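[1] any chance you can model this:
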Amino acid sequence: MDDYSVQLDGGGHCHQNVELTGKRSLGFDLNVEYTGNDDDLDEPASVEHAPDILVANVEPVAVVEEQQNWLNVVGTVVPEDESTWEHFRFEDQDEFIRFYKKFAHGRGFSVRKTGAIYKKRSYFPHPFIFYFGGRCSKGGYKEGSILDPKNKEDVVDYDSDNERDRGETRFGCKAIARCRYEHSTRNYRIYKWTDVHDHELHDEASRRFLRSNREVTAEYALFAKINDAAGIPVSNTFDSFADAAGGKKNLPFIQTDLKNYIQKTRRKPFTRGEANMFHQYFKSNLCVIRNYAR
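    As a prediction, this is how the structure comes out:
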């Protein structure tokens, strides 16, 4: 493949030239973002870690430098002190969740989203998210949990013959982070941050099993679907991914995640029901199937 260059335009603010060679070596600037797993935020992208199809998005230099600053301080500076909250700004909920996941992965706990609050304002035609946040996955209590101090006298008694006995996974952990919208800056800022856990945190060796940090990325999903169409078992596909990555510990997901993804892909054609699927099949083959009558 011949060498060629691609110029990425960031809205007239900056330009980046990216040289692609036949050896698939690709130099990325920190100002260029691509779609991939959250773990890729640790270092500039390289083609060994990047998906085959890259979606580049170049932003103004000042904005990119500001984002890189707060991404680089994750794990070293904790925004517990209210004076540091001004440095943590987010454009939307997804950007905050990526940030909180990265922080949680370095600390050794899993996270989940908290409920968002919508409000109406005169400067927005429709209700928009005014508050959102995330918390430790062990925060709160399950319905009917005997651990909930508010539920001691009215514990839900599940019938063991009909309900599977599930272990307790939520212990009322107080770790939480919340953001609210600032009209003056037109973005979201942290207004509440608590990083006190009442449970043991995961060590570095077991952090890859945390649910919020696992994801079947686009490049792995593509090869998994191709192998599944060819009749290759999921276990063999996962083993091939592990060999290519240098071990299972280097994959951003576990075998169960890959299996669930393949099963979801197989069920997708049946979302409208089997009868509708067969009807659409015969309808699209009217010209091919001679004996098919309307």
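[2] sketch out the low-pLDDT regions of the stretch 151-294 of the chain for me.
    152-166, 271-274, 285-294 (pLDDT under 70).
[3] which parts of it are helices?
    Ranges of helices in the stretch 151-294 of the chain, per DSSP state H, counting those that start in this stretch, are 218-229, 234-245, 255-267, 274-284.
[4] ok, now how distant is the residue nearest to Leu201 when sequence neighbours are not counted from Arg98?
    Nearest non-adjacent residue to Leu201, counting by C-beta to C-beta, 6 or more residues apart in numbering: Gly108, 3.6 Å away. To be clear about C-beta, it is placed using only N, CA and C from the backbone, and glycine gets the same treatment. According to C-beta to C-beta, to the nearest Å, Gly108 stands 18 Å off from Arg98.
[5] so for Ala104, which of the helices of the stretch 151-294 of the chain sits nearest?
    With C-beta to C-beta as the measure, helix 255-267 is the member of the helices of the stretch 151-294 of the chain nearest Ala104 (17.8 Å).
[6] residues contacting the closest one, please?
    214-216, 220-221, 224-225, 228, 234-235, 237-238, 241 (C-beta atoms under 8 Å, 6 or more residues apart in numbering).
[7] try stretch 192-199
    78-80, 85, 107, 109, 133, 136, 138, 171-178.
[8] what about the strands in the protein?
    In the chain, the segments counted as strands under DSSP state E are 4-9, 15-20, 32-33, 57-58, 89-90, 111-113, 117-119, 128-136, 176-182, 187-194.
[9] the first one - what's its average pLDDT?
    Spelled out, that is strand 4-9. Across strand 4-9, pLDDT averages out at 40.
[10] and the fifth one, by the same measure?
    Average pLDDT, strand 89-90: 83.
[11] so the residue nearest to Leu201 versus Cys179, what's the distance?
    Gly108 is 23 Å from Cys179, by C-beta to C-beta.
[12] same question for Ala205.
    Ala205 sits 32 Å away from Cys179, going by C-beta to C-beta.
[13] who has more neighbours, those two?
    Using other C-beta atoms under 10 Å, the more surrounded residue of Ala205 and Cys179 is Cys179, with 29 against 8.
[14] which residue packs closest to the more buried one, ignoring adjacent ones?
    Ranked by C-beta to C-beta, 6+ apart and with sequence neighbours excluded, the top spatial neighbour of Cys179 is Tyr188, at 4.2 Å.
[15] looking at the helices of the stretch 151-294 of the chain, which is closest to Thr114?
    Closest approach to Thr114 among these (C-beta to C-beta): helix 255-267, 23.5 Å.
[16] now for the nearest residue in space to Arg107 that is not next to it in sequence, how many residues are close by?
    Distance criterion C-beta to C-beta, 6+ apart; nearest residue to Arg107, sequence neighbours excluded, is Leu201 at 6.2 Å. Leu201 has 12 neighbours, counted by other C-beta under 10 Å.
[17] picking that back up, list buried members of the contacts of helix 255-267 by neighbour count.
    214-216, 220-221, 224, 228, 234, 237-238, 241 (16 or more other C-beta atoms under 10 Å).
[18] tell me which two of the residues you listed sit farthest apart.
    Arg214 and Asp228 (19.4 Å).
[19] and stretch 107-127, C-alpha only, in PDB?
    In PDB, the C-alpha atoms belonging to stretch 107-127 read as follows (Å, rounded to 0.1, in the frame of the first residue of the first chain):
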ATOM      1  CA  ARG A 107      -8.800   3.100  42.500                       C
ATOM      2  CA  GLY A 108     -10.200  -0.500  42.200                       C
ATOM      3  CA  PHE A 109     -14.000  -0.200  42.200                       C
ATOM      4  CA  SER A 110     -16.800  -0.400  39.600                       C
ATOM      5  CA  VAL A 111     -19.300   2.400  38.900                       C
ATOM      6  CA  ARG A 112     -22.800   2.800  37.600                       C
ATOM      7  CA  LYS A 113     -24.800   5.800  36.600                       C
ATOM      8  CA  THR A 114     -27.200   7.600  39.000                       C
ATOM      9  CA  GLY A 115     -30.500   9.000  38.000                       C
ATOM     10  CA  ALA A 116     -30.500  12.200  35.900                       C
ATOM     11  CA  ILE A 117     -32.700  15.200  36.700                       C
ATOM     12  CA  TYR A 118     -34.300  17.100  33.800                       C
ATOM     13  CA  LYS A 119     -35.300  20.700  34.100                       C
ATOM     14  CA  LYS A 120     -36.800  23.400  31.900                       C
ATOM     15  CA  ARG A 121     -35.000  26.700  31.300                       C
ATOM     16  CA  SER A 122     -35.900  29.700  29.200                       C
ATOM     17  CA  TYR A 123     -32.700  29.400  27.200                       C
ATOM     18  CA  PHE A 124     -33.500  25.800  26.200                       C
ATOM     19  CA  PRO A 125     -36.600  24.900  24.200                       C
ATOM     20  CA  HIS A 126     -36.900  21.500  25.700                       C
ATOM     21  CA  PRO A 127     -36.200  19.900  29.100                       C
END
